[in-house]
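>>> Sharing a model prediction with you, sequence too.
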Amino acid sequence: MNKVVAGADEAVKDIPSGATLMLGGFGLCGIPENCIHALVKKGINNLTCISNNAGVDDFGIGLMLQGRQVKKMIASYVGENAEFERQMLTGELEVELVPQGTLATRCMATGYGMPAVFLLAGIGTEVAEGKEVRNFNGKNYLLEHAFDSDFAIVKAWKGDTQGNLIFKGTARNFSPLMAMAGKITIAEVEHLVPAGELDPNAIHVPGIYVHRIFQGDKYEKRIEQRTVRKRS
Amino acid sequence: MNKVVAGADEAVKDIPSGATLMLGGFGLCGIPENCIHALVKKGINNLTCISNNAGVDDFGIGLMLQGRQVKKMIASYVGENAEFERQMLTGELEVELVPQGTLATRCMATGYGMPAVFLLAGIGTEVAEGKEVRNFNGKNYLLEHAFDSDFAIVKAWKGDTQGNLIFKGTARNFSPLMAMAGKITIAEVEHLVPAGELDPNAIHVPGIYVHRIFQGDKYEKRIEQRTVRKRS
Amino acid sequence: MALNKEQIARRIAQELQDGFYVNLGIGIPTLVANYIPHGVDVVLQSENGLLGMGPFPLEGDEDADLINAGKQTITTVPGSAFFDSAMSFGMIRAGKVDLTVLGAMEVADNGDIANWKIPGKMVKGMGGAMDLVAAAKNIIVAMQHTNPKGESKLLPKCSLPLTGVGCVKKVVSDLGVFDITPDGFRCIEYAPGVTIDEIKAKTAGRLIIADDVKEMIV
Amino acid sequence: MALNKEQIARRIAQELQDGFYVNLGIGIPTLVANYIPHGVDVVLQSENGLLGMGPFPLEGDEDADLINAGKQTITTVPGSAFFDSAMSFGMIRAGKVDLTVLGAMEVADNGDIANWKIPGKMVKGMGGAMDLVAAAKNIIVAMQHTNPKGESKLLPKCSLPLTGVGCVKKVVSDLGVFDITPDGFRCIEYAPGVTIDEIKAKTAGRLIIADDVKEMIV
């Protein structure tokens, strides 16, 4: 059950143009840096990307936007990125905005084999347009569907050769949910260890959900908003 | 945010007769032994218990059945218990059988604020009777509702004074899901530690879901089916 | 004189009760963390997956894997817990978070809120705002009473696309504190030096003045 | 001669492929773990919350916190992971488990299965059986071909309350191996010493014999 591949290029080698990808991360926190670089190098296009954000101009999914690789972006917040704005305004890029919790829960629904769930967010707003509304216990909810995703690409802190994953801090965010939702799930990790080294009680994503794993060459882990207190 | 109470008696002191309780555990594995003893001592009755199993004659929920404290049992498997069978056949005890995965997911739905989800289990069987069926992508699913539960009572391995919980091995089972679903959640733990001692990356149930916590006096941790290999 | 942002934050901090779990939005709401009253123990939730958010790190201690929902580097306090985004919004939807403090572009006198989209301008997305306003059990809005043109942002009806319907419970603006009631905005406090007449003039939505209205203590 | 339980388990073990995640039910299915072919690496799932189930513990090493779905004490193998019951059935519903092996009281020639309830007898509950049969992508049933009275358990229609509809893909009984096809049970192997005539006589559901039917190797 060894799922280790040589590196990012091998991990993404069969992702075709036109595929639907889930990409983990919140802002630039916890994004699969190495796989994104490999996708940029590979040059496939017409991709549909499901990710909470779209990176910044020169990092993360922003790099794929620079190369016009993305046809459609499904996200909750996309405002950090001039090239994104340009492509959206010219109509080159299709954008579907989804409330953050709904985005997360629709990923979870996929990994849990639930085709649809009822959620509150967006009731009474333009997000509700065209969606089924149902009342439960006096409150209205929207019927929200699970996502269909060809590949999920996530970065974890630690992983083992069987694909078990552990995340660190707020770099966890969407990544476990997406890892569970991919038809094929690719995990890059900061530390790859032999099976048996991770505490089986502490695993966030069991290896059954992960198809390929490798240790990333290098992590820049860029910070978007460096906020600090002065040392006195 | 200290949620520590003195012990089981204090933890359950305001549970009234007629309440709906979720009780964690699978078989006798991971059941809240100390709270069950306190509920037996307290002698309240007309309880509705949501639990995967109903214990055995002289342990777990079986002790509450001996005292005729349970009016209704919602469970997936109840076959280990002669008193249960007697009360069910005489009609003293109302029983609602729910497929195990559906039971677990309905608990999760409660803790995640989802009033209803669509699930596969029971399609075409008597479990589906009276339930809404809907087709998604060519497959039929049942609409299943979140549970309403006054109190959730679980046992964890470790917990801290703020209510964060970590479970061990297969004693995890339904307990995190139920802990998230209780209007009031009571956790008994084998090891209670100060806030800050647990790894924040390894917590199964964040303290926000837990209202009362204490370290159990003693754990019998009875084994139902002791199966071993002979040492050669 | 109208309150500054720090004063708005300080007034909102008075709403915090011991034992509260609180989600603070970006902007003025973030500042509320600086004014938590002594003896009041609250846990801050960050919807990107953290309970137990602490202050900004000391210089050099920043961790790229530890940010808040505004993508700022932060720290944790003892007893913190990390979780994924589905659980994070799950606990909000399930009513486990006691108070959410948000900014707004407009609030209507029935509690509607608009804070995510200006038609004709670049749309950045709603992020977690729609989830928070739809699901949180108690929502306080921190906002300027008027826009830069001097027009009221407390309206009979929002003109911008809604973020949520009938969900705001209270507004703390630079001019005063307003409960949302069936009769509209109910002014319960005015900022020091601000007159009721000024509040009336600058509130476009239905406004009632509480009998026991008093000067705000900030 | 009809197979014994160990032989049924050994035959089913031949269905395991390298890299499979497998859920083994209580009874004969549990025995399959003893016959995993050399060079075939499978991970066993236990629906009470474990991937990477190992053999029973050595005497004295039992851990009350480590049991399988049959409530037996077990062990783990390196690379195992624990999870809650919602995730456990989630991964089954999402089609991540490659093979589920279950026992049955009755199987119909359209793949219906009944294995949880006998009307008039004490009902113990379906446990995880309904979830497994509804959601698993590949289900093999391990069963006796006939009941103690000699009546066929491979039927045109189940007489007992159903556990699941049209879900069984293959049956391994003490008499042979049967694929479920649109034409009913398709016998592809017979047990050593068992005749096709005996199989025909003991199969009440629609039965076809594969052209290349052969003796089972166990």
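Looks like it arrived, so ask away.

>>> Is stretch C:148-162 positioned near chain A?
Yes. Stretch C:148-162 is in contact with chain A by CB under 8 Å from any CB of the partner chain, via C:161, C:162. Any C-beta I mention is one placed from the backbone N, CA and C, and that applies to glycine too.

>>> mind listing what's buried in that stretch?
For stretch C:148-162, the neighbour count (16 or more other CB atoms under 10 Å in any protein chain shown) marks C:152, C:153, C:154, C:155, C:158, C:160, C:161, C:162 as buried.

>>> quick check: mean pLDDT across the helix or strand hosting residue A:190?
According to DSSP states H and E, residue A:190 maps onto strand A:184-193. The average pLDDT within strand A:184-193 is 98.

>>> How about stretch A:119-132?
Averaging pLDDT residue by residue across stretch A:119-132 gives 97.

>>> Ok, stretch A:49-69 next?
96.

>>> Dump the C-alpha coordinates for that stretch into CSV.
Output in CSV follows, covering the C-alpha atoms of stretch A:49-69 (Å, rounded to 0.1, in the frame of the first residue of the first chain):
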residue,chain,number,x,y,z
CYS,A,49,-10.4,25.1,-9.7
ILE,A,50,-12.2,24.7,-6.4
SER,A,51,-10.3,26.6,-3.8
ASN,A,52,-11.3,29.0,-1.0
ASN,A,53,-9.0,31.7,-2.6
ALA,A,54,-7.2,32.2,-5.9
GLY,A,55,-3.7,33.1,-4.6
VAL,A,56,-1.9,36.4,-5.2
ASP,A,57,-0.5,37.6,-8.5
ASP,A,58,2.8,35.8,-8.2
PHE,A,59,2.1,32.9,-5.9
GLY,A,60,-0.4,30.1,-5.5
ILE,A,61,-3.2,29.8,-8.0
GLY,A,62,-2.2,33.3,-9.1
LEU,A,63,0.6,31.6,-11.0
MET,A,64,-1.9,29.4,-12.9
LEU,A,65,-4.0,32.5,-13.7
GLN,A,66,-0.9,34.2,-15.2
GLY,A,67,-0.6,31.3,-17.6
ARG,A,68,-4.3,31.4,-18.4
GLN,A,69,-4.6,27.8,-17.2
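
>>> check whether that stretch contacts chain C.
Yes. With CB under 8 Å from any CB as the measure, stretch A:49-69 is seen reaching chain C through residue A:52.

>>> so how far is that stretch from its chain's centroid?
In terms of CA atoms, centre = their mean, to the nearest Å, the centre of stretch A:49-69 is set 12 Å apart from its chain centre.

>>> chain center to the next helix or strand after the strand holding residue A:190, what's the gap?
Scanning forward in sequence from strand A:184-193 by DSSP H and E, the next helix or strand is strand A:212-215. Centroid displacement of strand A:212-215 relative to its chain, using CA atoms, centre = their mean, is 16 Å.

>>> now what about strand A:212-215, what contacts it?
A:3-8, A:10-11, A:34, A:159-161, A:163, A:184-192 (CB atoms under 8 Å, 6 or more residues apart in numbering or on different chains).

>>> Alpha carbons only: can I get that strand in CSV?
These are the backbone C-alpha positions of strand A:212-215, laid out as CSV (Å, rounded to 0.1, in the frame of the first residue of the first chain):
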residue,chain,number,x,y,z
ARG,A,212,-0.3,9.7,-4.2
ILE,A,213,2.1,11.3,-1.7
PHE,A,214,5.5,12.9,-1.8
GLN,A,215,7.7,15.2,0.3
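
>>> Would you mind listing what in chain A touches chain D?
A:1, A:110-114, A:160-162, A:164, A:180, A:194-196, A:200-201, A:203, A:206-209.

>>> nearest spatial neighbour of residue C:209, skipping sequence neighbours?
Excluding the flanking residues, the one nearest residue C:209 by CB to CB, 6 or more residues apart in numbering or on different chains is residue C:187, at 4.9 Å.

>>> what do you get for residue C:25?
Residue C:25 sits nearest to residue C:102 (CB to CB, 6+ apart), 4.2 Å away.

>>> What does the pLDDT read for residue C:120?
The predicted local confidence for residue C:120 is 84.

>>> Now which of the residues of chain A next to chain D would you call buried?
A:1, A:110-114, A:160-162, A:164, A:180, A:195-196, A:200-201, A:203, A:206-209.

>>> and chain B, which of these contact it?
Answer for these near chain B (CB under 8 Å from any CB): A:112, A:113, A:114, A:200, A:201.

>>> and the residue nearest to the second one when sequence neighbours are not counted, how many neighbours?
The spatially closest residue to residue A:113, leaving aside those adjacent along the chain, is residue D:93, at 2.5 Å (CB to CB, 6+ apart). A count of nearby residues for residue D:93, using other CB atoms under 10 Å in any protein chain shown, gives 26.
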